[in-house]
Structures are given as C-alpha cells and as structure tokens.
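Participant: task: produce atomic coordinates for the following.
(one chain, ligands or ions: 1)
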Amino acid sequence: MNTTQLCVSLTVIDAAQVARDSAQARDAGADIVELRIDALTRESQVAPVVAAAALPCIVTCRPTWEGGKSGLCDDARADLLLAAIQARAAYVDIEDKSAAAWRVAKRLHKMGDDRPTKLISSMHRFEPCGDDFFAGDDPRSSVEADVLKVALMVPDIHYVLYLMCLKDLWKCQLVLLSMGEAGRISRILAPKTGAFLTFAALDARSATAPGQIAVAEMIQDYRFKKIGLNTKVFGVVGHPIGHSLSPALHNAAFDATGYDGVYVPMDVQPGDSAFVEFLKAAMGVRMLDITGLSVTIPHKENALRELLAKGGEVDAMARRIGAVNTILIESPLDEDPGSVPDSPEADAPDDVFDDNVGLPLRLREIKVDPTLKLHGYNTDCPAILDAITHALSIPRDQLRGRKVAVLGAGGAARAAVAGLTLHGAVVTVLNRTPERARALATDFTTPELPVRAAALTDLAGASFDIIINTTPLGMHPDIDASPFDIAMPALTPDTVVFDTVYNPLRTKLLAQAQAAGARTIAGIEMFLRQAAAQFELFTKLPAPIDVMRQVIEKKLAVKDGL
Ligand code: NAP
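Facilitator: Down below sits the predicted model:
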C-alpha cells in the first residue's frame, strides 16, 4: 500500500489565500500542504495561516542561503517556527546545521514525544552533485529529527536511480528528492522507496522547486496513489522527453487492466555513454523493479548496440532496422522469488560512507545482477505495416508489388523501408538530403528488389500507391508545413497518404490529401499500435487499445484546442 503522502507546497501570502489554495490541493488529492512562510516577518502572522489550512501542514521559512526567499536572521526565523509550534502545525521544517534548527529542536524535544508538532530537518544542494553526492559533507542530520528531507540537484538520471537506493542510510522517516528535470521521477517513484512524502505543485504554473509536477498530473497521469513497494517501473528513455504522451498512455492502460505498474519519463542525455550509464543503473538498482523501457530519439541505435554488447536477445526486425525501441529487463525473480541471490544493496553495511571523497561505499558495491536478461524489440515497424494493412483491409502479403514512396530517410523511414521491403513492396525513398536517401536505399536493396532513392522534390507529379511521410514537416508547433508544399504528387482516390506525424491529430498533409480525394492514415494509428505492442511485451496482457486511443485523442485534442 502507498503510505507516501502527497504534499503540495504553497507560497503563503495571507490566510484567505491559504484557505483557498489548500482546499484546492485537498480536492485535487493532496494529503498535506507545506506553507512556505518565507515572506512573513512577524510571529503574529503565523497562527492565522496555520489555522486557515484545509489539510495538516508543514511550516517552512526557507532562508535565501538555502534557496528560499526569507532574508530574516536565524533567530527571527526560529521565532516564526516556534509560533507555528504554538499554533499546533503538524510539522515544522528547518535547515539542518543552522542555529535555528538547534533552537527549534530543543523546544520540541522539551515537549516530549506525544507533542502535536514534529520536526523535519532538511538539507538542499543546488549545485549539481558529483559521484560523491554530498561533496564530502556528512548527510546525516545534526539534530534529532522525526523526518529527514534531503534534496539534491542531479546532473543525470543515473544519479537519481542510485540516490533512491541510498534510502537506508537514514534510519528515520525520509523525504529523498532529486531536483531538476532528470529528477522528476524521484518525485513520482517516492512510494517505491517507502518515502514519508513527496512534493507536488498546486498547478503547472506554481512549482516551488525545479522538477515539481502538478498534483493532478501526479494522480491522474502517474497514478501516484496506486504506486507501492511492489509496483513494476517502466519508462520512456529519450531526450528531450518532457512532453512525451507515452506516460499518460501506458499508465491509463495499467489502470484499465489492473496491472501494478507505473510508467515515467526517463530523460537520458544524448550520447552513447549517457545511455550506457543509465542502463547500468536501471539494471543495478533492483529495488526499483525497472522492468521495461520504451526507447526514443536519440537512443534507439545506442539501445541496439548496448543490448548486443551485454549479450541481450534482440529480435530479427530490430536487427534489420538497426534500432531498438523496446527493452525488457527480465529477472528470474519474476517467476521464482526464491531463486535469486540477495541484491548487493540488501547486504550493504550500516555505515556506507567512506572517509575518502568518492562514491558512497554502497554505490561502489552495486553490481548488475548477472541473472538479469535483456530483450530488445522494434515495435515501430509492425505498427507501420499494421496501420497500412488495417486501413486497406489486406493481409501483409498483399503489400507485394505496391509502389510506395517513403518521404524522409531517418529512423522512422528506416523502420518503414525495412518492413515494406520484407513484404515485397516496391519502395522509393525521397529525402531532402538525397545522399541519405541513397544510403538508406542501399541498405535494403537486394538483387530481386531494388530500393530507389530520389530527392524530395522528385515527388512532384509522381504517382505511388502509398505515400508515407516520415519527415517532421507539419509537426507541432510548425503545423502549417507539409511535404506537399515542397512537391505535389499525382493523387487519385486509390492513393493512400500516411502521415506518421501524430501531433496534431489532423496534419496539413492529411488535409491536402483528403482535399485531393486520396485516402488517409493518421500518425496516431502508428503511435497507438507501437505503444500497444510495447504494453503487451511489458505486461503479457492484451492492450486496452480503446482506452489508449481515448487518452491520446483527448491529450492531442486539448493541445489542438479542439
Ligand atoms: P529523424 O531520424 O531525425 O529523420 C528525420 C527525417 O526528416 C530526415 O530524413 C530529414 O532529412 C527529414 N527532415 C527533417 N526536417 C525536414 C524538413 N524541414 N524538410 C524536409 N525534410 C526534413 O527522425 P525520425 O525518428 O525518423 O522521426 C521523424 C518523424 O516521424 C517524427 O518527427 C515523428 O513525427 C514521426 N514519427 C512518428 C511515430 C509514430 O508513432 N506515429 C514514431 C516515430 C516517428 P535530412 O536527412 O535531409 O536531414
């Protein structure tokens, strides 16, 4: 069960605003609010705002030297927090190792264990951390606190995963946060670590820390309340990844099928080495149960390389395309809980901090479990083929001999050409940079079935049975662009125009094709099918395709302003 509380942080102006905003947070599903009283200066201002809160509250007066806005001296801030204790706030939060912390802690301890107010001791590091995480500081609290909060700015996602597995360092209730974009998942996955609470913003505009997610998004898109210690973790690996629709899609599918999973964005910087580090952490930190990954730009080729290097099983289509878009991390533990040796994390010594600067001992001990198995797939290619054959109501073998134009020569074009040529279609690749079209055509040309290459402008006046756009032309926000503005082919009612761009739902290219009387296939048909295939690989359950369609149409309709 999820015992991690969802806390909305509110920047306090006055009692009326606290009453309004805390009620909004409660109605959105928050369990507790943090009242950031950084702007208050007098003790008499504190009790009314505590009394106005619609939920139990944490009172925090963060100084400028710890990322807050309060310019008061330590003594004056301690006075405000003592007023919050007097007003019976549920928690007061105070910066560890400050003079104010000692005063507040002393007062609370004098009140005994059954006092109404508990102490949160917090530590923030806004400089991106390095391998030693705490820059040589002792991360254990200097005062006896009920809850410890540790928030670190992280440069890369693998630090986030490692940091989460350090939770046993602190033998008390814990709030362990990685700040910044890469750290977003530490907020969502807090229940996986049994954290005391995690923070969310009241709405998308009012985040009080980098990487904070709106409370409604945490609950609706990330099914926060359903995440528990045994929940399996999935994610989309790419960069940039902030606007991916995949989390909403897969989480809705988990909900619809009752599968105990959560799907999160995993922002991995471009470059092979960043991907290698990430995969090592994903496989090393087993307490997170990272079970399946969708892989997108720019890591599909890196994923193939790394899976092959690690002896993973890669299916024939992914090898043919040269790209993996789906990874499964399979543990024998999934089938037989008794068969796997304890993870290295479980055996780590109590005191995991070395005197030397460098990785905490526990991190140096993390090794990838040798019993883990990696599997790689490419669901883009079958999704393209199925979108076409479904629209034409034909089996795949009836693609044989059809004249197909593939516009573009990147990753999506490669998936299309790999699948179409396998089924005997006669493919021409047309690209802005003709050399790239030639290189792609050469890769899939066989003596029996040559693949032709041309410049995108050669599309003008040409006739094909099927035209597939795999360029980003027409994609949000440049929705007024279309490959047909560069070159207009000959279109008949039998021509099929397939735009792989799915945002917006109805692109300019599709509108132009429809106006010319041609048949159309929208990019959502591919997007849905590749996601549904991933869901089935992840869960071994049939994908709830109608639910997935509704989610994606709703999200995109909102973006389109429909
Ligand atoms: P990619 O590897 O970057 O390739 C993009 C291709 O488009 C390149 O051949 C590039 O030509 C061409 N291109 C880019 N900008 C252009 C412009 N302004 N005018 C003409 N040609 C241009 O990207 P990708 O992975 O293949 O993805 C391409 C698009 O496919 C995405 O934007 C997305 O909308 C769509 N897609 C959809 C799905 C789905 O599920 N529906 C899945 C994957 C991709 P050069 O070679 O000259 O640079």
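Participant: CA atoms for contacts and neighbours, from now on please.
Facilitator: OK.
Participant: measure Ile37 to Ala518 for me?
Facilitator: Distance of Ile37 to Ala518, computed by C-alpha to C-alpha, to the nearest Å: 62 Å.
Participant: cool, Ile468 as well?
Facilitator: On the measure of C-alpha to C-alpha, Ile468 and Ala518 end up 13 Å apart.
Participant: related to what we said a few turns ago, neighbour count winner among Ile37 and Ala518?
Facilitator: Each of Ile37 and Ala518 has its neighbours counted (other C-alpha atoms under 10 Å); Ile37 has more, 25 against 19.
Participant: phi, psi of Ser393?
Facilitator: Reported as degrees, to the nearest 10, the phi and psi values for Ser393 are phi 50, psi 50.
Participant: measure how buried it is and give me the count.
Facilitator: Ser393: 11 neighbours (other C-alpha under 10 Å).
Participant: now Lys373. Its backbone dihedrals?
Facilitator: phi -120, psi 140.
Participant: can you work out which residues contact both of Ile468 and Ala518?
Facilitator: Val497 (C-alpha atoms under 8 Å, 6 or more residues apart in numbering).
Participant: the nearest residue in space to Arg396 that is not next to it in sequence: what secondary structure?
Facilitator: Nearest residue to Arg396 in three dimensions, chain neighbours excluded: Thr389, at 6.3 Å (C-alpha to C-alpha, 6 or more residues apart in numbering). Recorded secondary structure, Thr389: helix (DSSP: H, G, I helix; E, B strand; the rest coil).
Participant: Thr389: what's it in contact with?
Facilitator: Thr389 touches 395-396, 399, counting by C-alpha under 8 Å, 6+ apart.
Participant: mind putting those residues into JSON lines with secondary structure, pLDDT and distance to the ligand?
Facilitator: As requested, the contacts of Thr389 are exported to JSON lines (DSSP: H, G, I helix; E, B strand; the rest coil; pLDDT from 0 to 100; distance: C-alpha to the nearest ligand atom, whole Å):
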{"residue": "Pro395", "secondary structure": "coil", "pLDDT": "98", "distance to the ligand": "21"}
{"residue": "Arg396", "secondary structure": "helix", "pLDDT": "98", "distance to the ligand": "19"}
{"residue": "Leu399", "secondary structure": "helix", "pLDDT": "98", "distance to the ligand": "20"}
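Participant: could you rank the residues you listed by neighbour count and give me the top one?
Facilitator: Busiest of the contacts of Thr389 [other C-alpha under 10 Å] is Leu399, holding 21 neighbours.
Participant: ok, and the closest non-adjacent residue to it?
Facilitator: Ala425 (5.5 Å).
Participant: mind listing what's buried in stretch 480-491?
Facilitator: 481-484, 488-489, 491 (16 or more other C-alpha atoms under 10 Å).
Participant: and for it, what are the contacting residues?
Facilitator: So stretch 480-491 is contacted by 456-464, 469, 471, 473-475, 508-509, 512-513, 516-518 (C-alpha under 8 Å, 6+ apart).
Participant: repeat for stretch 226-240
Facilitator: 1-2, 189, 191-194, 246-247, 260-270, 288-299.
Participant: inside strands: which ones of these?
Facilitator: Using DSSP state E, the subset of the contacts of stretch 226-240 located in strands is 261-267, 290-295.
Participant: what's the burial count for the closest residue to the ligand within the stretch 101-250 of the chain?
Facilitator: In the stretch 101-250 of the chain, the residue that lies nearest the ligand is Ser246 (10.3 Å; C-alpha to the nearest ligand atom). Residues contacting Ser246 under the criterion other C-alpha under 10 Å number 22.
Participant: what bridges to the residue nearest to it when sequence neighbours are not counted?
Facilitator: Once flanking residues are discounted, Ser246 sits nearest to Val236: 7.1 Å by C-alpha to C-alpha, 6+ apart. On the basis of DSSP bridges, Val236 is bridged to Pro265, Ser294.
Participant: for Val236, give me the pLDDT.
Facilitator: pLDDT, Val236: 97.
Participant: what does Asp137 give?
Facilitator: pLDDT at Asp137 comes out at 72.
Participant: please renumber so the chain begins at 225
Facilitator: In the new numbering, first residue 225, that becomes Asp361.
Participant: SS state for it?
Facilitator: coil.
Participant: what's the local residue count around it?
Facilitator: 9.
Participant: where's it relative to Thr227, distance?
Facilitator: 30 Å.
Participant: also Tyr483?
Facilitator: 19 Å.
Participant: now swap in His463 and tell me
Facilitator: His463 is 32 Å from Thr227, by C-alpha to C-alpha.
Participant: those two - which one has more neighbours?
Facilitator: His463 (18 against 15).
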